[in-house]
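1. here is my input; please provide its structure:
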Amino acid sequence: MNHSKHANKNLLDGFSVDAPYITETRRLLQNLYRQQKSGSDRARSYIVTSAGTGEGKSTICSLLAIVTATIFQKRTLLLDGDLRRPSLHSLLGVTRAPGLFDVLRRTATVRDASRMTSIPLLTVIPSGEPRGPLGEYYDDEQFGTFFAEIRSEYDIIFVDSPPAVPTIEPLLMAEHVESILLVAMAGQTQTALFRRLTAILDPVFPKIAGIILNNAVGGLPYYYDYRYYGYGKKEPARIRRYALRGKREQDGQLLARRMGGEG
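-> Residues are numbered from 1 along each chain as shown. This next block holds a predicted model:
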């Protein structure tokens, strides 16, 4: 695939509520809202993570925020918490800095880091441009203070976090949100890796709202493929789709068997 051909593409270009991948996102959100209404607490902030890189979590997180703001008319914040390999600035067509890193380092305010988009109810806080050792990018105490400050400003917050197996940030961030969404790539995510993911998240396991199975059937345009944004070198498939799996599959075993069969 020639990446330069789609260099200016972002998820807001040519946005259409009738697109197949938007329909799938709406179904996913309806399932989440149904869970919220049946539970004792209404979740209003989500971390989206995966076991490893290249599973489409950033694209899915962005689409969830876009649909929430446009179709469900909620005041929505999309936060790039993946300070190691950020991509939301590319997916939404906003400048990268200042962003979360600068807020955590107290070199920028939340207002400085917030980006309005062409969607009136959608705000993006990108990653910023981290400097220094990787392990020092994230400050959990500062993140907690920052998150407490912004919660009341939005109806729903989606946080794109790093993969949970190679990094510590998702487990730490999970303490500050109501729910966690896990993303797995059909035919690619290894069973052992996904089991490791669920073991790592065991301390916050009750917060897992569901598992999103990416590339299950087909429906996401090829230029939104996760590999376009730097997570792999293989030629992308032409279409992608995802589906929400419920609580009964949270141990990852049934999901892993299904992924193996669909690869």
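
2. export stretch 92-111 as CSV, just CAs?
-> Extracted as CSV, the C-alpha positions of stretch 92-111 are listed here (Å, rounded to 0.1, in the frame of the first residue of the first chain):
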residue,chain,number,x,y,z
LEU,A,92,-8.4,13.6,14.2
GLY,A,93,-6.2,16.0,12.3
VAL,A,94,-5.1,18.1,15.3
THR,A,95,-1.7,19.4,16.4
ARG,A,96,0.2,17.1,18.8
ALA,A,97,1.4,19.6,21.3
PRO,A,98,0.8,20.9,23.9
GLY,A,99,-1.1,17.9,25.2
LEU,A,100,-1.4,15.5,28.1
PHE,A,101,2.4,15.2,28.7
ASP,A,102,2.6,19.0,29.1
VAL,A,103,-0.4,19.1,31.5
LEU,A,104,1.2,16.3,33.6
ARG,A,105,4.4,18.3,33.7
ARG,A,106,2.5,21.5,34.5
THR,A,107,4.0,23.3,31.6
ALA,A,108,0.5,23.8,30.0
THR,A,109,-3.0,24.1,31.3
VAL,A,110,-6.0,21.9,30.3
ARG,A,111,-7.3,24.7,28.2
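
3. tell me how far that stretch lies from the chain's centre.
-> Relative to its chain's centre, stretch 92-111 lies at 18 Å (C-alpha atoms, centre = their mean, to the nearest Å).

4. just stretch 22-38 next, same as before
-> 15 Å.

5. list the buried ones in that stretch?
-> Within stretch 22-38, the residues that count as buried by 16 or more other C-beta atoms under 10 Å are 22, 24, 25, 26, 28, 29, 31, 32, 35, 36. Bear in mind the C-beta positions are built from the backbone N, C-alpha and C, glycine included.

6. and the first one, what does it touch?
-> To tie it back to what came earlier, the one meant is residue 22. Each residue near residue 22 by C-beta atoms under 8 Å, 6 or more residues apart in numbering is listed here: 15, 16, 63, 67, 71.

7. give me the element it is part of.
-> Element membership for residue 22 (DSSP states H and E) is helix 20-38.

8. helix or strand next in line after that helix, which one?
-> As assigned by DSSP H and E, the chain's next helix or strand after helix 20-38 is strand 45-50.

9. ok, that next one: who's next to it in the sheet?
-> Strand 45-50 pairs in its sheet with strand 156-160 (parallel), strand 179-185 (parallel), by DSSP bridges.

10. still on that earlier bit, now the helix holding residue 22: mean pLDDT?
-> For helix 20-38, mean pLDDT is 84.

11. what about it, distance to the chain center?
-> With C-alpha atoms, centre = their mean, you get 15 Å for helix 20-38.

12. pLDDT wise, what is the residue lying closest to residue 134 once chain neighbours are set aside at?
-> Closest residue in space to residue 134, ignoring its immediate chain neighbours: residue 84 at 6.1 Å, by C-beta to C-beta, 6 or more residues apart in numbering. In this model, residue 84 is scored at 93, pLDDT.

13. OK, contacts around residue 84?
-> Applying C-beta under 8 Å, 6+ apart, we find residue 84 in contact with 130, 134, 137, 162, 167.

14. compare the residues you listed and tell me which is most surrounded.
-> residue 162 (23 neighbours; other C-beta atoms under 10 Å).

15. quick check: closest non-adjacent residue to that residue.
-> residue 82 is the one closest to residue 162 (C-beta to C-beta, 6+ apart), at 4.7 Å.
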